[in-house]
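Trainee: predicted coordinates and the sequence they were generated for:
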Amino acid sequence: MLQVLFTPIETHPDSGFGIMAWSFHEAAKKLENPTEGKASPVLPHLPITFLYRHSIELYLKSLIVLLHRYFSIPFRPGGSCDDEPQIQTQGRWKRMYATHSVKELFDYLIILYILQKEYIEKKTNTEWRLLSDLGKFIDVIEKTDRNGTFFRYPDTSVGDESKKSDMKPIEVDELLELNKLSKGSISLIVDDGEGNILRCFRSDKSNPIQTELDCLKATIERLSCLHIALRMRFFDGR
């Protein structure tokens, strides 16, 4: 039984990272597939991608903490596995709570896994090769949103803001021609109040970050499986 679902966060061996990852994961799925009514018409892909991305970060942190504590690996030299979680990146120890790079977390998880690979694979029936498959997805996520801010802040310093909106600038002639050929689009024509067109925008209601969303979903499905397997086999579902 997954006891983790029915016990207080402070009793969890991973300090609560896993159950919080699970909650954000479930929330993302609910937003993506609403059971009542339709999805929000206001950039619905942004909260969905943010929740998936944040859940991935938390799943990685959970797996790292679980491995440290099961194998009694201290979080820093001279420390203990019960100390505040840290990861080692670029030759130095870094507080986990201050780490938001999925690439740094993933690379450190791979190190822990390799150190205990034989024991982990013997004790579980899980396809741990899923970890090696994740590298290509992690690289895409890291490039898009290294600090966990791209999907939740309007900030041109962290990425291409034009990717966030499905409304794109378009020339008026092209807009009129496209509107003749297709239905179901949204268009906006801005004039100067005297009939002179200043700007035009058009949307076909597609998700402008569908590639990133697909990558996030592929990653989280693999991580959630590994997370449950590790919890069940090493911690009896706690």
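Mentor: Looks like it arrived, so ask away.
Trainee: where do the strands sit along this protein?
Mentor: Applying DSSP state E to the chain gives strands spanning 86-89, 92-95, 168-169, 186-191, 197-203.
Trainee: now the lowest-mean-pLDDT helix or strand in the chain - C-alpha only, CSV.
Mentor: Here the helix or strand of the chain ranked lowest by mean pLDDT, DSSP states H and E is helix 129-133, holding a mean of 76. Extracted as CSV, the C-alpha positions of helix 129-133 are listed here (Å, rounded to 0.1, in the frame of the first residue of the first chain):
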residue,chain,number,x,y,z
ARG,A,129,16.9,2.3,-18.2
LEU,A,130,14.1,4.8,-18.2
LEU,A,131,16.6,7.1,-16.5
SER,A,132,19.0,7.0,-19.4
ASP,A,133,16.1,7.7,-21.8
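Trainee: coming back round to it: tell me which of the strands of the chain lies nearest to L213.
Mentor: Smallest distance to L213 across the strands of the chain (CB to CB): 16.8 Å, for strand 197-203. C-beta: built from backbone N, CA, C; applies to glycine.
Trainee: strand partners (parallel or antiparallel) of that closest one?
Mentor: The pairing partners recorded for strand 197-203 under DSSP bridges are strand 168-169 (antiparallel), strand 186-191 (antiparallel).
Trainee: let's have those strands in JSON lines, adding distance to L51 and mean neighbour count.
Mentor: Output for those, formatted as JSON lines (distance: least, CB to CB, whole Å; neighbours: other CB atoms under 10 Å):
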{"stretch": "strand 168-169", "distance to L51": "25", "mean neighbour count": "11"}
{"stretch": "strand 186-191", "distance to L51": "25", "mean neighbour count": "12"}
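Trainee: what is the neighbour count of S23?
Mentor: Neighbourhood size, S23 [other CB atoms under 10 Å]: 13.
Trainee: the chain should start at 569 in everything you say after this.
Mentor: Taking 569 as the first residue, the last one we looked at is S591.
Trainee: show me the contacts for it.
Mentor: Contacts for S591 (CB atoms under 8 Å, 6 or more residues apart in numbering) come out as none.
Trainee: pull the contacting residues for the nearest residue to Y676 once chain neighbours are set aside.
Mentor: Closest residue to Y676 apart from its sequence neighbours, by CB to CB, 6 or more residues apart in numbering: I655 at 4.3 Å. By CB under 8 Å, 6+ apart, the residues touching I655 are I632, W661, K662, M664, T667, E672, L673, Y676.
Trainee: where does pLDDT dip in this protein?
Mentor: Scanning the chain with the threshold set as pLDDT under 70 gives 604-609, 724-727, 749, 751-752, 772-773.
Trainee: change it to 90
Mentor: 569-573, 600-613, 644-647, 658-659, 684-701, 717-757, 759-778, 797, 801, 804-806 (pLDDT under 90).
Trainee: I'm done for today, thanks for sticking with me.
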